[in-house]
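1. here is my input; please provide its structure:
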Amino acid sequence: MIALIGCGMVALLVWSLFSERLRRWHVSAPVAMVVCGIGTGFFFLEQISTELDTDVAERVVELILAVLLFVDATVVRGGFLGGERGIVARLLALALPVSLALTILVGVPLLGVSSFTVVLVITLVVIPIDFAAAPGFLRDRRIPARLRHPLAVESGYVDAVRAPIFAFALVVIEHPEKSHSLLELLEHALPDIGFAVLIGVGVGGIAGLLARASVLRGWVRIERLQLGIVLIPLITYAGAIALHGNGFVAAFLAGLSYKMTRLRGEEHHRDDALHKELGAVDNLGEISSLLMWFVFGSVTTLMFFAEVRWSWILFGLLALTLLRMLPIYLAFLGSQLPFREQTALGYLGPRGTSTIVFGLLAFNALSGDDDTAALYVMVVTVLASVVLHSLFGPALMRRLFRVSRSASPSR
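-> Down below sits the predicted model:
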């Protein structure tokens with residue numbers, strides 16, 4: 001695995017040298033790294049298959065996701081709901097449960113796994129959106145801010161719903177002889193969410209206040225502050241995990257609370273300054289994410305030697321498209337959000353690092369054909385997202401929002 005990681009670093013170095021040329025050819029960084037990972041993976045097939053199922057690999061990937069969620073949260077304006085309570089409420093309270101239910105219903109006949117609980121686990125792998133595959137969407141000024149910010153909030157908060165259910169489902173699978181009730185699910189979920197909120201808001205808020213005070217008094221230089229900010233998502237994740245909380249939700253909330261307390265009502269005036277302060281953690285997140293995409297590409301080579309399962313491929317594609325867009329349209333029935341913006345919300349559902357992380361967790365916990373199904377569906381969904389969102393997404397957004405329009409109500 002050391003050799004594989006070394007190859008990933010070489011690929012990242014080469015990409016950095018030709019990144020602008022590749023961008024002009026509409027080849028994004030994730031696409032380039034996945035292709036390099038696939039090419040390299042054929043030389044390390046045995047090592048990949050044995051090292052994939054390890055706790056160390058899981059923790060490394062989880063830390064990467066925590067950093068990315070922290071960075072994504074700092075992009076959000078308007079507080080914990082991105083300033084768009086109506087859109088966020090519809091996405092989380094209506095679209096998410098409908099999408100979850102429809103995906104499970106479709107998964108039962110298509111996946112052909114051993115139990116309903118395994119279908120639930122795989123559904124939770126493919127449900128969350130993650131802009132690691134297409135990070136430019138969150139900064140694309142062509143897309144209205146009232147869509148970008150709720151999407152960033154959704155990508156973080158969905159883990160608050162998904163992770164406790166996912167953990168409980170794995171407990172059910174590992175102990176099928178026991179009876180499990182809704183009360184037990186709540187016993188798993190409430191501490192996870194509670195400790196995540198406590199650690200995330202607490203660490204991020206305190207760090208933001210201290211950073212604000214230090215900058216105002218001239219106690220710190222920006223380059224030194226950058227080093228300290230890098231540690232915030234890592235400390236938050238570690239603290240949440242130590243208390244058996246949700247490290248991903250904690251990292252996302254830390255990013256939101258850090259920005260709120262650091263700026264304290266001066267967001268529009270000091271957003272550029274904050275962006276400079278976040279330079280180091282932003283770069284760390286980008287490097288880690290690209291290495292993750294390289295590793296994902298190498299894992300994809302395992303699928304070339306697996307039996308083609310068209311039903312699994314269809315499930316992954318449906319989860320990425322119809323099972324994302326239909327719940328969005330249903331959730332916004334009766335709203336004043338224009339149809340083109342509803343379409344953008346439905347289309348802008350990329351899958352990335354979060355799906356990879358939970359796919360690997362599912363692969364480690366399941367056995368027999370079930371673990372193969374989880375890995376296969378994860379690979380199909382993420383690869384399709386790279387093509388759909390990273391390659392064709394910018395062109396579609398230009399087409400959707402090519403005409404300048406005035407803002408319309410979002411509730």
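
2. could you point out the longest helix in this structure?
-> The longest helix of the chain (DSSP state H) is helix 182-216.

3. next, the angle helix 182-216 makes with whichever strand or helix holds L65.
-> Per DSSP states H and E: L65 is located in helix 55-75. Angle, helix 55-75 to helix 182-216, by axes from the mean of the first three to the mean of the last three CA atoms, to 10 degrees: 60 degrees.

4. got the CA coordinates for helix 55-75 in CSV?
-> Provided in CSV are the C-alpha atoms of helix 55-75 (Å, rounded to 0.1, in the frame of the first residue of the first chain):
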residue,chain,number,x,y,z
ASP,A,55,-9.6,-0.3,10.4
VAL,A,56,-6.6,1.9,9.6
ALA,A,57,-7.8,2.5,6.1
GLU,A,58,-11.2,3.3,7.3
ARG,A,59,-10.0,5.9,9.9
VAL,A,60,-7.8,7.6,7.3
VAL,A,61,-10.7,8.0,4.9
GLU,A,62,-13.0,9.2,7.7
LEU,A,63,-10.5,11.9,8.6
ILE,A,64,-10.3,13.0,5.0
LEU,A,65,-14.1,13.3,4.9
ALA,A,66,-14.1,15.3,8.2
VAL,A,67,-11.7,17.8,6.8
LEU,A,68,-13.8,18.2,3.6
LEU,A,69,-17.0,18.6,5.5
PHE,A,70,-15.4,21.4,7.6
VAL,A,71,-14.2,23.2,4.5
ASP,A,72,-17.6,22.8,2.8
ALA,A,73,-19.3,24.3,5.9
THR,A,74,-17.2,27.4,5.8
VAL,A,75,-18.6,28.1,2.3
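
5. next secondary structure after it?
-> Next helix or strand after helix 55-75 toward the C-terminus (DSSP H and E): helix 85-89.

6. name the residues of that following helix that are buried.
-> Going by neighbour count (16 or more other CB atoms under 10 Å), the buried part of helix 85-89 is 86-88. Where C-beta positions appear, they are placed from N, C-alpha and C, glycine not excepted.

7. now the residues you listed as JSON lines including distance to M292 and pLDDT?
-> Shown next, in JSON lines, are the buried residues of helix 85-89 (distance: CB to CB, whole Å; pLDDT from 0 to 100):
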{"residue": "G86", "distance to M292": "34", "pLDDT": "85"}
{"residue": "I87", "distance to M292": "29", "pLDDT": "90"}
{"residue": "V88", "distance to M292": "27", "pLDDT": "87"}
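
8. from those, which single one is nearest V161?
-> V88 (13.0 Å; CB to CB).

9. tell me the contacts of the nearest residue to V215 once chain neighbours are set aside?
-> Nearest residue to V215, sequence neighbours excluded (CB to CB, 6 or more residues apart in numbering): L225, at 7.0 Å. Counting by CB atoms under 8 Å, 6 or more residues apart in numbering, L225 makes contact with 211, 214-215, 277.

10. minimum pLDDT in those residues, which residue is that?
-> Across the contacts of L225, the smallest pLDDT goes to E277, namely 83.

11. measure the residue nearest to it when sequence neighbours are not counted to I206 for me?
-> Leaving out its chain neighbours, the residue that sits closest to E277 by CB to CB, 6+ apart is L225, at 5.5 Å. Look at L225 and I206: by CB to CB, to the nearest Å, they are 15 Å apart.
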